[in-house]
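Asks: any chance you could fold what I've pasted below:
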Amino acid sequence: ESGKPTINFTTQIGIAEVTNTDIRTLNKEEYTDFRRDLLIMENPDSPPFFYHNPNDLPNDISIDQWVNYNNNPNADNTSEWLNRLLFFPEESKNYLAGTGVNWYDEVMQKGLRQNYDLSLSGGSDKIKYYWSVGSVNNEGIIRGDDFSTLRSRLNLDAEVTDWLKVGLNSQFSERDESNVQANLGQMLVSSPFGSKYEEDGTIKWFPNGYIGAQNPLINHLNQDKSRKIQNLFATLYAELKLPYGFSFRTSFQPRYTFLKSLNFWNSETILGGQTRSQGYGTREDSQTFEWMVDNLLKWNKQIGIHNFDVTLLYNIEKYQSWLSFQSGETFNPNQNLTFHGLQFATNQLVNNNDVYSTGDALMGRLNYTLMDKYLFTGSVRRDGYSAFGQQNPRAVFPAAAFAWKLSDEGFFNSAS
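Replies: Numbers count the residues shown, from 1 in each chain. Below you'll find the model as predicted:
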């Protein structure tokens, strides 16, 4: 029924999880077996079962024989074995204590995925409208992988008279990219006999005492991040039907983009505590505004065996952006204000980058058809861009083509 609104609501909820179970960390037994097999391969001349667990030796090799493979063995057989496997002290300590970390459980997760959409549409013969709003919140399979967005759309079309039609198509979105994921690569190289925390409760940068394997949770637990992006895009248009087969369309297309990205790495992160000292923070703010105006005049006319299709275009556009970047390092007396107080950093940096450009275009195109089988098209386009420079601010691009429908000729028979 004309004028009666239609309301739709849809929702999708699901779970994201790892399906390839081969991508995982080694458990404790697999890890010691891996170290053993690697060392046997690298040292093929070592005594038999030199790298094996002393509690898992064959009957023909005694414990004393195994121990005496080393001229200066450790008094504890298990410690001797761990030394032979080149365990770091942290790994040996946790092995003997029966502790360690299941890094797979620390890094991976089942992610909840949610999608909600609400729309309203309706109108009459002369006016039609559509409005929608949607929300997405998706968690990934890695801890900290969380993406959310809010989006909305509004369309309006109105037939003002028989010869004038106007409309609006607009879209808005806000993306939240503030997530800080755990490090999947570091998870795969971390020892199950490492330690997640130092004895004082702070995060342990190198869980197994080796700088080649970082704690995959460092930034996930200690980086403070806020990154949000808003986009607004619209098209406002008017279409006119003119006499003698002419039509005209004009449209204005503005786009706005706003970005605010804030980051702070405190002293418990490697970036904020080792690469830089006593904390490191950044702020990035940017705005972009661009617009385009298109004017299209068309003429389509059939005169006997002749068909003319003419298009004329005039376009102007503008782009402008503003970027401000700030950073600070070494915060005194404390880092409590994070990126909210970069002015309290000992070392500060400010950088600005603003961009401005304009462009225009003229285009004429003719499509001519004779007897519906001889086709000719020709066009000329002139483009201008501020970055071309003052000496040659514009460039001209001509083009032409001819086609002949042979299948329409009497002498052409595709069956022969």
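Asks: helix or strand: which one has the closest residue to residue 299 other than its chain neighbours?
Replies: Once flanking residues are discounted, residue 299 sits nearest to residue 310: 4.4 Å by Cβ to Cβ, 6 or more residues apart in numbering. Every residue, glycine included, has its C-beta placed from N, CA and C. Using DSSP states H and E, the element containing residue 310 is strand 306-331.
Asks: could you do residue 300 as well?
Replies: strand 280-303.
Asks: what mean pLDDT does that strand have?
Replies: On average, the pLDDT along strand 280-303 is 96.
Asks: which parts of this protein are helices?
Replies: Assigned helices in the chain, in chain order: 28-42, 63-67, 77-84, 89-97, 103-107, 184-189, 218-222, 270 (criterion: DSSP state H).
Asks: re earlier: would you mind listing the buried residues in the strand holding residue 310?
Replies: For strand 306-331, burial by neighbour count (16 or more other Cβ atoms under 10 Å) applies to 307, 309-310, 313, 315, 317-319, 321, 326-331.
Asks: low-confidence bits of this protein, can you list those?
Replies: Along the chain, segments meeting pLDDT under 70 span 1-3, 408-416.
Asks: next, count neighbours for residue 360.
Replies: 17 (other Cβ atoms under 10 Å).
Asks: again, but for residue 74
Replies: Neighbours around residue 74, by other Cβ under 10 Å: 14.
Asks: pretty sure it is in contact with residue 87, am I right?
Replies: No. Look at residue 74 against residue 87 with Cβ atoms under 8 Å: they stay out of range, at 11.7 Å.
Asks: tally of neighbours for residue 273?
Replies: Counted by other Cβ under 10 Å, the residues lying close to residue 273 total 20.
Asks: residues contacting it?
Replies: 265-267, 279 (Cβ atoms under 8 Å, 6 or more residues apart in numbering).
Asks: for residue 148, name its beta-bridge partners.
Replies: residue 137, residue 176 (DSSP bridges).
Asks: residue 36 and residue 52, how far apart?
Replies: Separation of residue 36 from residue 52 (Cβ to Cβ, to the nearest Å): 6 Å.
Asks: and what of residue 33?
Replies: From residue 33 to residue 52 the distance is 10 Å (Cβ to Cβ).
Asks: the more surrounded of the two?
Replies: residue 52 (19 against 15).
Asks: mind listing the strands for the chain?
Replies: 6-16, 111-123, 127-139, 146-161, 164-176, 223-241, 246-265, 280-303, 306-331, 345-370, 374-385, 394-404 (DSSP state E).
Asks: what is the burial count for residue 187?
Replies: Neighbour number of residue 187 under other Cβ under 10 Å is 22.
Asks: next: residue 363.
Replies: A total of 16 residues lie near residue 363 under the criterion other Cβ under 10 Å.
Asks: can I assume it is in contact with residue 396?
Replies: No. Proximity of residue 363 to residue 396 does not meet the contact threshold set by Cβ under 8 Å, at 10.5 Å.
Asks: overlap in contacts of those two?
Replies: Residues touching both residue 363 and residue 396 (Cβ under 8 Å, 6+ apart) are 380-382.
Asks: and the contacts of stretch 302-318?
Replies: 290-301, 357-372.
Asks: can I get stretch 260-277 in PDB, CA atoms only?
Replies: Extracted as PDB, the C-alpha positions of stretch 260-277 are listed here (Å, rounded to 0.1, in the frame of the first residue of the first chain):
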ATOM      1  CA  LYS A 260      41.600  10.000  15.800                       C
ATOM      2  CA  SER A 261      44.300   7.500  16.600                       C
ATOM      3  CA  LEU A 262      45.800   7.500  20.200                       C
ATOM      4  CA  ASN A 263      48.500   5.100  21.400                       C
ATOM      5  CA  PHE A 264      50.500   4.600  24.500                       C
ATOM      6  CA  TRP A 265      53.100   2.000  25.300                       C
ATOM      7  CA  ASN A 266      54.000   2.000  29.000                       C
ATOM      8  CA  SER A 267      57.200   0.900  30.600                       C
ATOM      9  CA  GLU A 268      56.000  -2.700  30.700                       C
ATOM     10  CA  THR A 269      56.100  -2.900  26.900                       C
ATOM     11  CA  ILE A 270      59.400  -3.300  25.000                       C
ATOM     12  CA  LEU A 271      58.700  -0.200  22.900                       C
ATOM     13  CA  GLY A 272      57.900   1.900  25.900                       C
ATOM     14  CA  GLY A 273      60.400   0.400  28.300                       C
ATOM     15  CA  GLN A 274      63.400  -0.700  26.200                       C
ATOM     16  CA  THR A 275      63.400   0.700  22.700                       C
ATOM     17  CA  ARG A 276      62.300   4.000  24.400                       C
ATOM     18  CA  SER A 277      62.300   4.800  28.000                       C
END
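Asks: looking at it, residue 181 is touching residue 143, isn't it?
Replies: Yes. In terms of Cβ under 8 Å, residue 181 counts as a neighbour of residue 143; the distance is 7.1 Å.
Asks: looking at those two, which one has more neighbours?
Replies: Comparing residue 181 with residue 143 by other Cβ under 10 Å, the one with more neighbours is residue 143, at 23 against 15.
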